[in-house]
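Enquirer: Any chance you can model this:
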Amino acid sequence: MAGQTINFEAPDGTAEAYLVPGPDGPHAGVLLLIDAIGLRPQIELMADRIAAWGYTVFAPNVFYRAGTAAELAPQADLREPGAREAFFGTMGSRRTGMETPNLLRDLAGCLDQLAAQPGVDGARIGATGYCMGGMLALRAAAAHPDRIRAAGAFHAGNLVTDEPDSVHRVITTATAEVLAGHADNDRSNPPEAIAALDEAMRSAGITFTTAVYPGAQHGYTMADTSSYDEAGAERHFRELQDLFARTLGS
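Expert: Below you'll find the model as predicted:
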């Protein structure tokens, strides 16, 4: 079925989401958590592709406190040399209000919205996230072990910090199977951080798969930017589809 942009009531105001309905009858839902560039046609294409596997997909604008998707969208072609880097240098206040407690409230609300969609089994949810969305997918899995059965995190960064609520510390409460596809030479996610996250999941008894995608930059799944790597992006889709098939059904 065709996707559409909807408005819903988030904890701190009205937010947008791109929603792709799933098939008739009971099925799983997928929460797609965007990268720092925002909710835009590239995200919609990815949501459409994942929904075609047999799921309802819900992709919220997590930056709703700062503005609508259109207001926050990049004005330049981020595939052009230097444009992506320039965009990240002018992101301004889009992270307004995105402290961890607020993010956790947002994630809970988004899961409720997804579970309320026709046919969605609210106890059979998958999450997939990109860049900062990868961090959010893992936080969602940790906070909602009764709902999220699978979590994918791709070219995610800052997963290991000194903060008491660092992702590698809170992930231990998750019951989801985790798939982590790390970007090669990612300054926000160095090898020692990958190893620390792996050790935390291993110690907690979490089933996980982790890999560094060779030659893939941070942002490698995003075909509308200069960081896109087709091989890495297609590998991510194959491995994510396999993860969801074995944990959510299809």
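Enquirer: Worst mean pLDDT across the helices and strands of this protein, which element?
Expert: helix 83-88 (a mean of 85; mean pLDDT, DSSP states H and E).
Enquirer: for the chain, which spans come out with low pLDDT?
Expert: 1, 92 (pLDDT under 70).
Enquirer: and if we set it to 80?
Expert: 1, 89-95, 250 (pLDDT under 80).
Enquirer: ok now the least confident helix or strand of the chain, how far from the chain's centre?
Expert: 21 Å (C-alpha atoms, centre = their mean, to the nearest Å).
Enquirer: Let me know the next secondary structure element after it.
Expert: Helices and strands here follow DSSP states H and E; after helix 83-88, the next one along the chain is helix 100-115.
Enquirer: buried residues in that following helix?
Expert: 102, 103, 104, 106, 107, 109, 110, 111, 113, 114, 115 (16 or more other C-beta atoms under 10 Å). (Each C-beta comes from the backbone N, C-alpha and C, glycine too.)
Enquirer: Same check on stretch 215-225?
Expert: Quick answer for stretch 215-225 (16+ other C-beta under 10 Å): 216, 217, 218, 219, 220, 221, 222, 224, 225.
Enquirer: and what of stretch 167-178?
Expert: 167, 168, 170, 171, 174, 175, 176, 177, 178.
Enquirer: Could you pull up the residues touching the last one?
Expert: Residue 178 sits next to 138, 141, 150-153, 171, 201, 206-210 when contact means C-beta atoms under 8 Å, 6 or more residues apart in numbering.
Enquirer: again, 7 Å this time
Expert: 151, 201, 206, 208 (C-beta atoms under 7 Å, 6 or more residues apart in numbering).
Enquirer: Pull up the gap between it and residue 107, please.
Expert: 16 Å (C-beta to C-beta, to the nearest Å).
Enquirer: could you dump the top helix by length along the chain to PDB, C-alpha only?
Expert: When the chain is parsed with DSSP state H, its longest helix is helix 230-248. Extracted as PDB, the C-alpha positions of helix 230-248 are listed here (Å, rounded to 0.1, in the frame of the first residue of the first chain):
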ATOM      1  CA  GLU A 230      25.700   1.000  -2.700                       C
ATOM      2  CA  ALA A 231      27.400  -2.200  -1.600                       C
ATOM      3  CA  GLY A 232      27.000  -1.300   2.000                       C
ATOM      4  CA  ALA A 233      23.400  -0.100   1.600                       C
ATOM      5  CA  GLU A 234      22.300  -3.200  -0.200                       C
ATOM      6  CA  ARG A 235      24.100  -5.400   2.300                       C
ATOM      7  CA  HIS A 236      22.200  -3.600   5.100                       C
ATOM      8  CA  PHE A 237      18.900  -4.300   3.400                       C
ATOM      9  CA  ARG A 238      19.600  -8.000   3.000                       C
ATOM     10  CA  GLU A 239      20.800  -8.500   6.500                       C
ATOM     11  CA  LEU A 240      17.900  -6.400   8.000                       C
ATOM     12  CA  GLN A 241      15.300  -8.300   6.000                       C
ATOM     13  CA  ASP A 242      16.800 -11.600   7.300                       C
ATOM     14  CA  LEU A 243      16.800 -10.300  10.900                       C
ATOM     15  CA  PHE A 244      13.100  -9.200  10.700                       C
ATOM     16  CA  ALA A 245      12.100 -12.500   9.000                       C
ATOM     17  CA  ARG A 246      13.500 -14.600  11.800                       C
ATOM     18  CA  THR A 247      12.300 -12.400  14.700                       C
ATOM     19  CA  LEU A 248       9.100 -10.900  13.400                       C
END
